[in-house]
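Enquirer: pasting the sequence and the predicted model now:
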Amino acid sequence: MAKSKILKKIETMHPKIDAWEIIRLTAYYEFPWDVIRGTEYALYKTYAVPSISKILNSTKEFVNNPQKRYDDTDLFISEILEHGLHEGRGKQALERMNWIHSNYKISNDDYLYVLSTFLFDVYYWINNFGHRKLTSIEELAGFYVWKEIGEQMHIQHIPDSIHAFLLFHDEYERKHFRYAESNVKVAAATEKIFLNMHFPKQLHDTIRPFLYAAMEPHLLKALHYEEPGLIKRKIVQSALKARSSAEHILPRNKPFIRTRDNKYKTYPNGYTLDDLGPDKLMKSSRCPFHKS
């Protein structure tokens with residue numbers, strides 16, 4: 001397949017100096033659908049860690065407001081990537097997200113692992129199911145962007161190289177992926193949202209094994225999901241690659257920017273940054289963003 005104009009432009013750019021522009025070109029033009037699927041997969045990976053899933057389950061957001069929890073996570077990430085960290089909406093979104101996280105006892109290693117999933121598990125998705133693999137320039141740019149985001153989240157001990165960060169990601173999973181009831185509860189709530197978004201209810205049981213066929217075996221084990229088998233895995237990989245390639249046949253002349261172009265079930269009439277976050281926390285008198 002011939003290189004797109006966007007890819008040719010990316011290949012002339014510097015992965016560190018131009019990091020934010022590179023990831024926007026990749027996400028908005030080259031892989032708009034795959035980036036969000038990869039982000040969903042990254043979130044799913046965090047559910048396999050009991051120390052993380054227990055906190056997520058304890059908030060009751062996945063039970064009481066699962067669609068809002070899903071949409072708000074998407075929007076926080078999208079606002080930051082679209083606007084950057086140092087002014088305007090991106091800075092405001094980061095500050096809100098940091099305050100929300102400050103209400104829970106989350107270890108630095110858990111923070112660091114979640115940060116790493118937005119890098120390496122999005123890469124996993126695109127490289128396995130996208131219309132092409134990411135270039136080294138795109139992968140390095142993503143590292144520099146997420147490292148900067150992590151620093152602004154006050155996460156400590158972020159590795160200085162992409163290779164060291166990948167080693168941390170893989171070693172963390174080997175040590176901490178374990179079955180827990182909270183894993184299954186949070187994963188089931190997310191799975192229900194995804195299936196409801198894309199398929200009629202009568203097809204959910206049929207589709208579910210194919211959903212698992214996109215997941216790595218050690219993730220399935222931590223969630224007590226049955227291995228779907230090689231045939232289903234090949235069907236899913238081929239179908240997803242075909243979908244991504246079909247979308248990429250015609251050059252995208254306009255960027256797909258999620259905060260502008262995506263439809264969110266929680267916010268059919270649009271949203272403001274004041275809408276984002278768990279209702280109980282954001283309406284608390286101690287919330288710095290609370291408006292009486």
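Expert: Received it, and whenever you're ready, just let me know what you need. Model, not experiment: these values are computed from the prediction.

Enquirer: could you give the number of residues near residue 242?
Expert: When neighbours are counted by other CB atoms under 10 Å, residue 242 registers 12. C-beta here means a position set from N, CA and C on the backbone, and glycine is covered the same way.

Enquirer: ugh, wrong one, I meant residue 272
Expert: Counted with other CB under 10 Å, residue 272 comes out at 8.

Enquirer: for residue 188, see how far away it is.
Expert: Distance, residue 272 to residue 188, using CB to CB, to the nearest Å: 31 Å.

Enquirer: next one: residue 90
Expert: Applying CB to CB to residue 90 and residue 188 gives a distance of 32 Å.

Enquirer: before we move on, what about residue 205?
Expert: Taking CB to CB, one finds residue 205 at 13 Å from residue 188.

Enquirer: distance-wise, check the residue nearest to residue 33 when sequence neighbours are not counted relative to residue 31.
Expert: In this structure, residue 33 finds its nearest non-sequential neighbour in residue 247, 6.2 Å apart by CB to CB, 6 or more residues apart in numbering. As judged by CB to CB, residue 247 and residue 31 stand 9 Å apart.

Enquirer: so what sits against both of these two?
Expert: residue 131 (CB atoms under 8 Å, 6 or more residues apart in numbering).

Enquirer: ok, back up a step: ok, residue 90 and residue 188, which is more surrounded?
Expert: With neighbours defined as other CB under 10 Å, residue 90 and residue 188 compare such that residue 90 has more, 19 against 14.

Enquirer: ok, now how distant is the more buried one from residue 77?
Expert: 11 Å.

Enquirer: re the thing from before, neighbour-wise, which of residue 247 and residue 31 wins?
Expert: Between residue 247 and residue 31, counted using other CB under 10 Å, residue 31 has the larger neighbour count: 26 against 16.

Enquirer: distance of the more buried one relative to residue 135?
Expert: In terms of CB to CB, residue 31 sits 12 Å off from residue 135.

Enquirer: now do the end-to-end distance for stretch 216-235.
Expert: 15 Å (CA to CA, to the nearest Å).

Enquirer: buried ones in that stretch?
Expert: By 16 or more other CB atoms under 10 Å, the buried positions in stretch 216-235 come out as 216, 219-220, 222-223, 225, 228, 232-233.

Enquirer: check stretch 245-265 too.
Expert: 247-248, 256, 258-259, 264.

Enquirer: now, which of those sits nearest residue 165?
Expert: residue 258 (25.0 Å; CB to CB).

Enquirer: those strands in the stretch 51-200 of the chain, which residues are they?
Expert: Taking DSSP state E, counting those that start in this stretch as the criterion, the stretch 51-200 of the chain contains no strands.

Enquirer: ranges for the helices of it?
Expert: 61-64, 66-83, 88-102, 108-129, 136-152, 162-176, 181-198 (DSSP state H, counting those that start in this stretch).

Enquirer: mean pLDDT for those: which is lowest?
Expert: Mean pLDDT is lowest for helix 61-64 out of the helices of the stretch 51-200 of the chain, coming in at a mean of 82.
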